[in-house]
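[1] Any chance you can model this:
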Amino acid sequence: MGGQENRQYSISLLFNANKVYDRQVIEGIGHYLQSTKVDWDVYLEEDCLARLNNLDNWEVDGIIADLDDPDMQAALIDLAIPVIGVGGSYQSADDYPDVPYVATDNEAVINCAYQHLKQKGLQHFAFYGFPPDKEHRWALERERAIIALCEKDGFNCSVYRGYKTQPDTWHYSMNRLAEWIESLPLPVGVIAVTDARARHLLQACDKTNRLVPDQVSIVGIDDDDIARNLSRVSLSSVSQGCFEMGFQAAKLLHRQLNRQTAEKASAQPSTTKSAPRVLVPPIGIIQRQSTDFKALQDPYVIQAMHYVRQHACRGIKVEQVIDYVGISRSNLEQRFVQDCGHSIHTQIHNEKLNRACKMLTETETELVDIASSCGYPSIQYLYAVFKKHFGQTPKQYKRNAVKM
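    Got it, this is the predicted structure:
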């Protein structure tokens, strides 16, 4: 195979680079190219759907494409050149295209989100999906998966598919979503079919005064930076194995091209085999504020906890929490200790310290800005807190966390 490896191939990638899912797949393809040093001339189509009717004039040796799109699948399925499909998994083998295919494991993705919520002690579950259409068949697979998981454990699962996101129907759609949220038993864990749909849920909860995560815990899918940062409450999300999917897709195409070259050299076509299929599991759950749920029972404590989560890093004192809840200090303190096992002051302190630790380990923010963002009066105060709790300075904490 040494001579075959030296041939340059022209490869076309048919993906929507505006989607985080597709971008990560493309990144995985790029990593395969860099790690194997294959000689591919790669072209990323900017408007691949518009050019599908001109396939006969494409001068390419192979294609890797997002085959979740049925129009894309229909156009590419019978090409003479190798085509590698990337998309969602299906319960029925008949739903897969007859080409080598790399799939995100939809059942594993949903199970990852479901187990995360169940481990929080939740017993009510819901799913926010998509209205059925040919472009979102993977959404129906995720819906089926959560229903099956809940039925197996003896839980009910409320399903709401909602409406497509369109400017002219946005307010109507959000009002209907808010009505659905209000109909759910509390506390409830809701899985959204994507991060974008999860953001809708966060907005609907805000509209209906449902506390996140104390009453409604929300998990998205994709771990999309854009969707995550547009919301006041940080979103927990399932990170799919898109990078690995791209890597495996490129690997499959590499094999197909080598096999095709070998067949031409020997003039003997290989025997027909079923198209290989690779199922890629999710990386895991990225836990953030939207599922930071504790099974609290007291409604006054739930209100207090919600206020602390939202305002601890603004330098609030216990008195402001008392004023927000509206009962006596001794009453609320007693309830808080009984439900949480510690005082309101300790909870405020924990929220600030957790935020500081997260900023230290996940960002390159300057210490003076971390102190300010977390509600500490000075950088010296931040140093004193870390010395007391961890026996080390913030810089030492960051350095040791990186080593781990």
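
[2] Please count neighbours and contacts with C-alpha atoms only from this point.
    Will do.

[3] Which helix or strand contains Lys388?
    Here Lys388 sits within helix 379-390, counting by DSSP states H and E.

[4] all helices for the stretch 101-250 of the chain, in order.
    Listed in chain order, the helices of the stretch 101-250 of the chain (DSSP state H, counting those that start in this stretch) span 106-119, 137-153, 170-183, 195-208, 225-229, 242-266.

[5] Count the neighbours of the residue lying closest to Pro282 once chain neighbours are set aside for me.
    Computed as Cα to Cα, 6 or more residues apart in numbering, the closest residue to Pro282 that is not its neighbour in sequence is Gln240, at 4.2 Å. Other residues near Gln240 come to 24 when the count uses other Cα atoms under 10 Å.

[6] if I look at Gln240, how far off is Thr104?
    Distance, Gln240 to Thr104, using Cα to Cα, to the nearest Å: 7 Å.

[7] Could you do Cys340 as well?
    Distance from Cys340 to Thr104, by Cα to Cα: 39 Å.

[8] So between those two, which is more surrounded?
    Per other Cα under 10 Å, whichever of Cys340 and Thr104 has more neighbours is Thr104, with 23 against 16.

[9] Return the residues in contact with that one.
    Gly87, Gly88, Ser89, Gln240, Gly241, Cys242, Met245, Leu279, Val280, Pro281, Pro282 (Cα atoms under 8 Å, 6 or more residues apart in numbering).

[10] Walking through the stretch 201-350 of the chain, point out its strands one by one.
    216-221, 236-239, 277-280, 284-286 (DSSP state E, counting those that start in this stretch).

[11] ok, and what's touching the third one?
    It stands for strand 277-280. Ser89, Pro100, Tyr101, Val102, Ala103, Thr104, Asp105, Gly241, Glu244, Met245, Gln248.

[12] give the contact list for the fourth one.
    Contacts for Val102 were tallied using Cα under 8 Å, 6+ apart; they are Ile84, Gly85, Val86, Gly87, Met245, Gln248, Ala249, Arg277, Val278, Leu279, Val280.

[13] re the thing from before, which of the helices of the stretch 101-250 of the chain has the lowest mean pLDDT?
    Lowest mean pLDDT of those: helix 225-229, a mean of 68.

[14] So Pro100 sits against Ala275, correct?
    Yes - contact status for Pro100 versus Ala275: in contact at 4.7 Å, counting by Cα atoms under 8 Å.

[15] Show me which of the two is the more surrounded one.
    Pro100 (21 against 12).

[16] Could you measure from that one over to Glu364?
    The value you get for Pro100 to Glu364, if Cα to Cα is used, is 42 Å.

[17] Got the phi and psi for Ile84?
    phi -110, psi 120 (degrees, to the nearest 10).

[18] The helix or strand following the helix holding Lys388 - contacts with which helices or strands?
    Sequence-wise, the next helix or strand downstream of helix 379-390 (DSSP H and E) is helix 394-403. Applying 3 or more Cα pairs under 8 Å, 6 or more residues apart in numbering; DSSP states H and E, we find helix 394-403 packed against helix 344-362, helix 379-390.

[19] Just the buried positions in the helix holding Lys388, please.
    Neighbour counts over helix 379-390 (16 or more other Cα atoms under 10 Å) mark Ile379, Leu382, Tyr383, Val385, Phe386 as buried.

[20] sorry, back to before: whichever of the contacts of Thr104 end up buried, select them in PyMOL.
    This is the PyMOL syntax for the buried subset of the contacts of Thr104, where burial follows 16+ other Cα under 10 Å:
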select buried, resi 87+88+89+240+241+242+245+279+280+281+282
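
[21] possible to save the contacts of Thr104 as CSV with distance to Asp223?
    As requested, the contacts of Thr104 are exported to CSV (distance: Cα to Cα, whole Å):
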residue, distance to Asp223
Gly87, 17
Gly88, 17
Ser89, 19
Gln240, 8
Gly241, 11
Cys242, 11
Met245, 16
Leu279, 19
Val280, 16
Pro281, 15
Pro282, 11
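
[22] closest to Leu33 among the contacts of Thr104?
    For the contacts of Thr104, the minimum distance to Leu33 (Cα to Cα) is 13.7 Å, reached by Met245.

[23] so that closest one makes contact with Tyr101?
    No - when contacts are counted by Cα under 8 Å, Met245 is not listed as touching Tyr101 (9.6 Å).

[24] what sits in contact with each of these two?
    Val86.

[25] Quick one: closest of the helices of the stretch 101-250 of the chain to Phe15.
    With Cα to Cα as the yardstick, what comes closest out of the helices of the stretch 101-250 of the chain is helix 242-266 (11.2 Å).

[26] next one: that closest one to chain centre, how far?
    Helix 242-266 has its C-alpha centroid displaced from the chain centroid by 29 Å (Cα atoms, centre = their mean, to the nearest Å).
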